[in-house]
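Asks: pasting the sequence and the predicted model now:
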Amino acid sequence: MRQLETDTAPATPPAVSVIVPTRLGSTWLTQCLASLVDQDLTDPYEIVVVQYGPDDGTGAAVADLEHGAGPARLRHLRTDSPTRAAAKNAGLAETVGPYVVFVHDEDRVSHSFLSAVLRVAEPDGRVVVPLRVPDPGDRAADLRGPATRRLLAHAGRVVSPGRVAAGLAPAVGIAFARQQLTAIPYDADLVIGEDPVLLARLLAEPSVRCAIPPADAGAVYYRAERRNPRLPSVEAGRLLDGAGRLAGLPLPADLEPLRRHLLAAATAEVNRYLQTHTDDHAAVIEQRRRRDLVDVIDLRQLNHRVARDLAVLYTAPPHVDTSANVAARRVLTRKRIVDVVSTDMSGRLTTDPSSDTIWAEYVDRQIVLDARPADIWWPGVAEFCHKGLAAIDAQERSKGPYRSVYSRAMHPTSHFLAAWLKLRRPELTWYAEFSDPMRHTVQGEERPSSGQQDHVIMTDLRAGLRNAGFAEPKSDNLFTWLETITYAIADEITFTNENQRGFMLDRFPDEALRARAAAHSVVSHHPVPAPRLYRTVTSSYELPNDKVNLAYFGVFYATRGLTEVWQALRRLPRDARRAIVLHVFTSKPDVLTAELADGGLADVVRANPYVSYLEYLNLASRMDVLIVNDARTIGIHDRNPYLPSKWSDYAGSGTAVWGIVESGSVLSGQRLDHRSELGDVDGALRVLADLARPPQRSPITPPSGD
């Protein structure tokens, strides 16, 4: 039951009623009310402040302006309405003016606002739409925005809503006839986005027209640049109720542009909420998908300025890079929206725009630096770090400090920037991930580095090690310093498999640092792609229905190839060979095609160029068998520290996997549908013969779910 505190309604009906809903807004309410009192309107009018939250001194702010308000009569109402929409309805029920204008408590209006609006108001089913502009902090209106220009093009005229759709959002400052709002009140249960929903419903009425005051009338509504919704934490799913209702409203075709603009206004309201309730972002993203609002709510607008966490990734999507793809999946799996600092790899790597889809839901801004190559070169590391730190500082000055930073190294530069930031901001939580052993190559040799160290950065790194109680390395090797500083100060260190952790820590010379790293470490395999990513792109690549379709995706290295498979295919009986086709997607298909022809395998192996990441996932889900093989480390390492990243892609595909494994490797311990050993041609031949034997594998069902 609504409880409302009010004084007596005015004896003389006001020309217009202005309703100002407020919750914890006493700090900025005074400026709003001052602009409403300072009007050149001579007829009586009322300003009704509806307070729907805790007592924060709003009543005192209203009382300070009551005297000397001229023709304006201020009223202060208190209600237990739970939402701003319900508060607006409560205020409407307590006002008597023939026209009603809703003004948000952080906004203000021009000196001639009400008089200009009333001059064109008529009880003929029209609404009066003033100019709505960002508040410049003074009385000069900024009329350069596209929505404002659209309204100015029709200034002084009465037009259909479709003609000025771009100028109708956001739906504040509009003057309504009271009977219009009586017939179509606000949806009281909406916590956000009530204005766009009401406006869409009202303007869908055939008789409604929009009156635009003349350009020189002075009807300007100033919107606060940065709004704080001041809403209590709510169930995140309710934040999209307004957008969902807008998307489902039946509107005539000529108002579809209006729907788009109002949806943008509703999304902006959700975005403003998320800027102060960042931890609700993941739930909103989930609801966006579940409610089928992916094409309705623009991600860039929804995510704008929401991130309070950071990802430092020297290489990031859309550049084609395995480590970048894994990092993007890690961001998606963590479900924490981030700003990204990366480098421009144009000219060094190709791009795959589809890879952005992996993490688009959880990226706010991607800051791409222009920096020189830095894989093993100290000056390149320093350049990326200096430019990256300057960019991060600028972001924090604009939106506040970050809470955490995630970095992933195959590229060492990512960890150096994250470490430098952590040393300057100790309260920041640093999540560091190693994709592979860093100090040692796959051949077991120490990885070299070159160039001179940066004095500023190294001074901070040395001080950081001393403060943490550890000695600095005697070597100036970049990769030794990389592991040292990460082990010393990272809050959480992720290794992608247990063998990798053991390999890296056992070979590290500082026992104290080994212990500290082990205590702060976790093991987490490469994230499996979300099921929806396997269905996002449908490949047109043709697969023969009368054969068993095997696939291998990847580059051939000295330590990783398909030697056993090639030899086994040559030995496979002709009938079995006719039942199989191996599709290979690789970086140099022309070279492979020539080698296959020379080796007598052109009839059973098809060489293809790489496809985009999302097409690759779709193809993986359509094959009968996927081949993944270990790197060869026998005779080099006592344990295989590598887990092929494509294993996680295959694991989520729903397709059978044939693993060609090294004894004791992490891959050998996974649930594989088919298995043979590295170098074992007879074992590969047995797998191929078994696959070629009828009945063939039943059709694959692509993964379901989100």
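Replies: Ah, there it is. Numbers count the residues shown, from 1 in each chain.

Asks: and residue 380, how far is that from residue 406?
Replies: Using Cβ to Cβ, to the nearest Å, one gets 21 Å for the distance from residue 380 to residue 406. In short, each C-beta sits where N, CA and C put it, glycine included.

Asks: higher neighbour count, those two?
Replies: More crowded of residue 380 and residue 406, by other Cβ atoms under 10 Å: residue 406, with 25 against 20.

Asks: the more buried one: which element?
Replies: In this structure, residue 406 sits in strand 404-409 according to DSSP states H and E.

Asks: so what does that strand touch, helix or strand wise?
Replies: With contacts taken as 3 or more Cβ pairs under 8 Å, 6 or more residues apart in numbering; DSSP states H and E, strand 404-409 sits against strand 309-312, helix 322-334, helix 413-424, strand 429-434.

Asks: report the angle between that strand and helix 322-334.
Replies: 150 degrees (axes from the mean of the first three to the mean of the last three Cα atoms, to 10 degrees).

Asks: oh, and call the first residue 801 from now on, that's how I've got it
Replies: Let's use 801 as the start, then, which means that last one is strand 1204-1209.

Asks: now do strand 1204-1209: everything it contacts.
Replies: 1109-1113, 1123, 1126-1127, 1130-1131, 1134, 1136, 1138, 1214-1215, 1217-1218, 1221-1222, 1228-1235, 1238, 1282, 1286 (Cβ atoms under 8 Å, 6 or more residues apart in numbering).

Asks: what average pLDDT does that strand get?
Replies: Mean pLDDT, strand 1204-1209: 97.

Asks: quick check: neighbours of that strand in the sheet, parallel or antiparallel?
Replies: When pairing is defined by DSSP bridges, strand 1204-1209 lines up against strand 1109-1112 (parallel), strand 1229-1234 (parallel).

Asks: can you redo the ones you listed as a markdown table with mean pLDDT?
Replies: Below are the strands paired with strand 1204-1209 laid out as a markdown table (pLDDT from 0 to 100):
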| stretch | mean pLDDT |
| --- | --- |
| strand 1109-1112 | 98 |
| strand 1229-1234 | 98 |
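
Asks: ok, now which ones touch the nearest residue to residue 957 once chain neighbours are set aside?
Replies: Spatially, and ignoring its direct neighbours in sequence, residue 957 is nearest to residue 1012 (5.9 Å; Cβ to Cβ, 6 or more residues apart in numbering). Counting by Cβ under 8 Å, 6+ apart, residue 1012 makes contact with 920, 928, 929, 951, 954, 955, 956, 957, 958, 959, 964.

Asks: separation between residue 1168 and residue 1118?
Replies: Residue 1168 is 10 Å from residue 1118, by Cβ to Cβ.

Asks: looking at those two, which has the bigger crowd around it?
Replies: residue 1118 (21 against 15).

Asks: go ahead and confirm the more buried one touches residue 1151.
Replies: Yes: Residue 1118 lies in contact with residue 1151 (Cβ atoms under 8 Å); the separation is 4.5 Å.

Asks: sorry, back to before: among the strands paired with strand 1204-1209, show me which one is buried the most.
Replies: strand 1109-1112 (a mean of 27; mean count of other Cβ atoms under 10 Å).

Asks: and for that one, what's in contact with it?
Replies: 1127, 1131, 1136-1141, 1188, 1192, 1202-1207, 1214, 1217-1218, 1221.

Asks: related to what we said a few turns ago, run the angle between the strand holding residue 1206 and helix 1213-1224 for me.
Replies: Using the same axes, to 10 degrees: strand 1204-1209 against helix 1213-1224 is 150 degrees.

Asks: ok so, going back, please name whichever of the strands paired with strand 1204-1209 is nearest to residue 875.
Replies: strand 1109-1112 (44.8 Å; Cβ to Cβ).

Asks: can I get that closest one as CSV, trimmed to CA atoms?
Replies: Extracted C-alpha coordinates of strand 1109-1112, given in CSV (Å, rounded to 0.1, in the frame of the first residue of the first chain):
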residue,chain,number,x,y,z
ASP,A,1109,39.5,-4.8,-14.3
LEU,A,1110,42.3,-4.9,-16.8
ALA,A,1111,43.9,-7.4,-19.2
VAL,A,1112,47.4,-6.8,-20.5
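
Asks: local confidence estimate at residue 862?
Replies: At residue 862, the pLDDT recorded in the model is 87.

Asks: ugh, wrong one, residue 1185
Replies: So residue 1185 comes in at 97 (pLDDT).

Asks: now it, nearest residue through space, not along the chain?
Replies: That would be residue 1217: by Cβ to Cβ, 6+ apart, it lies 4.7 Å from residue 1185.

Asks: okay, the helices and strands packed on strand 1204-1209 in TSV with distance to residue 989 next?
Replies: Below are these laid out as TSV (distance: least, Cβ to Cβ, whole Å):
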stretch	distance to residue 989
strand 1109-1112	32
helix 1122-1134	32
helix 1213-1224	43
strand 1229-1234	38
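
Asks: deepest in the core, which of those is it.
Replies: Of the helices and strands packed on strand 1204-1209, the one with the most neighbours on average (mean count of other Cβ under 10 Å) is strand 1109-1112, at a mean of 27.

Asks: next one: that one to chain centre, how far?
Replies: Relative to its chain's centre, strand 1109-1112 lies at 12 Å (Cα atoms, centre = their mean, to the nearest Å).

Asks: now swap in stretch 837-845 and tell me
Replies: For stretch 837-845, the distance to the chain centre is 46 Å (Cα atoms, centre = their mean).

Asks: tell me the helix or strand right after the helix or strand bottoming out on mean pLDDT in the chain.
Replies: Of the helices and strands making up the chain, the lowest-confidence element is strand 804-805, at a mean of 42, by mean pLDDT, DSSP states H and E. Sequence order places strand 817-822 as the next helix or strand after strand 804-805, per DSSP H and E.

Asks: neighbouring contacts of that following strand?
Replies: Taking Cβ under 8 Å, 6+ apart as the rule, strand 817-822 contacts 829, 832-833, 836, 845-853, 858, 884, 887-888, 891-892, 895-897, 899-905, 914, 978.

Asks: now swap in stretch 1267-1275 and tell me
Replies: 1261-1262, 1265-1266, 1280-1281, 1284, 1288-1289, 1310, 1312-1313, 1316.

Asks: if we can go back for a sec, for residue 1089, which of the helices and strands packed on strand 1204-1209 is the nearest?
Replies: helix 1122-1134 (12.4 Å).

Asks: just give the closest residue to residue 1085, not the sequence neighbours.
Replies: residue 1161 (4.8 Å).

Asks: count the neighbours of that neighbour for me.
Replies: The number of residues near residue 1161, taken as other Cβ under 10 Å, comes to 22.

Asks: and the helices in the stretch 851-1000 of the chain, which stretches?
Replies: With helices called from DSSP state H, counting those that start in this stretch, the stretch 851-1000 of the chain shows them at 858-866, 884-893, 913-920, 946-952, 978-983, 994-1003.

Asks: pipe those into a markdown table and attach mean neighbour count per row.
Replies: Shown next, in a markdown table, are these (neighbours: other Cβ atoms under 10 Å):
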| stretch | mean neighbour count |
| --- | --- |
| helix 858-866 | 17 |
| helix 884-893 | 24 |
| helix 913-920 | 23 |
| helix 946-952 | 16 |
| helix 978-983 | 15 |
| helix 994-1003 | 25 |
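
Asks: so which of the contacts of stretch 1267-1275 is the most crowded?
Replies: residue 1281 (27 neighbours).
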